[in-house]
Structures are given as structure tokens and as C-alpha cells.
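Peer 1: need a structure here:
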Amino acid sequence: MNVLESFSLKGKVALVTGGAGLYGRQIVAALAEAGAETYIASRGVEALEEVAKEEREAGYNVTALQLDLADETSIRRLHDEIIERS
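Peer 2: Numbers count the residues shown, from 1 in each chain. Down below sits the predicted model:
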């Protein structure tokens, strides 16, 4: 096994909340590049979709989803949706 393989996230699922900001974009890119099925979620799903589209165009598996962290129903809905897709 080489060094990069030891950091592989293939077969793993990652969730980043607020992934459209300066730091969030970098985290999303790193997780996706490492092979994770990556979800980004926040109330501003339009901005997230731009990030997800860029990552998909680069060949990575990134999906933008709606989430309101102040709403327990929204959190449960997101959890269920990710479980269904994975």
C-alpha cells in the first residue's frame, strides 16, 4: 500500500455542513478527491449546488442537499436521504 492509499476514503460517506464558504469548499474538495461520497448541506442550497457542480465536473461524487440545523425535522430528513442514497 502506498501513502496515498492509506488516506483513501473510497466506500465512505462524508457530510459537510456549510460547504460553500472558503474553508468548506476546500474540505469538500479534499474529501471528494480522497474518494468519499460527499454531501454538502445548508439552507443556501443554491450556493452549494455551484460547488457540487464544479466537483462533479472534475469527476467526483458530490451532492448538495437542503438542511436547516435549527430544525430537527430537517436534520432527520437529511439523514434519511443520505442513508437512502448510500
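Peer 1: how about Ser42, phi and psi?
Peer 2: Torsion angles at Ser42 (phi, psi; degrees, to the nearest 10) stand at phi -170, psi -180.
Peer 1: next, count neighbours for it.
Peer 2: 21 (other CB atoms under 10 Å). For every residue, glycine as well, the C-beta is placed using N, CA and C.
Peer 1: now it, nearest residue through space, not along the chain?
Peer 2: Excluding its sequence neighbours, the residue lying closest to Ser42 (CB to CB, 6 or more residues apart in numbering) is Gly18, at 4.9 Å.
Peer 1: do I have it right that the one you found meets Ala47?
Peer 2: No - using CB atoms under 8 Å, Gly18 makes no contact with Ala47, being 9.6 Å away.
Peer 1: now do the shared contacts for these two.
Peer 2: Counting by CB atoms under 8 Å, 6 or more residues apart in numbering, no residue touches both Gly18 and Ala47.
Peer 1: can you name the residues that contact the residue most central in space within the chain?
Peer 2: Nearest residue to the geometric centre of the chain (CA atoms, centre = their mean): Tyr39, 2.4 Å. Contacts for Tyr39 (CB under 8 Å, 6+ apart) come out as 13-16, 62-65, 82.
Peer 1: what's the neighbour count on the residue nearest to Ser42?
Peer 2: 17.
Peer 1: run through the strands of this structure in chain order.
Peer 2: Taking DSSP state E as the test, the strands found in the chain are 13-17, 37-42, 62-66.
Peer 1: roughly how far is the longest one from the heart of the chain?
Peer 2: Distance of strand 37-42 from its chain centroid, counting by CA atoms, centre = their mean, to the nearest Å, is 2 Å.
Peer 1: and the angle for it with strand 13-17?
Peer 2: Here strand 37-42 runs at an angle of 20 degrees relative to strand 13-17 (axes from the mean of the first three to the mean of the last three CA atoms, to 10 degrees).
Peer 1: quick one: strands adjacent to strand 37-42?
Peer 2: Sheet pairing for strand 37-42, assigned by DSSP bridges, gives strand 13-17 (parallel), strand 62-66 (parallel).
Peer 1: low-confidence stretches in the chain?
Peer 2: Applying pLDDT under 70 to the chain picks out residues 1, 4.
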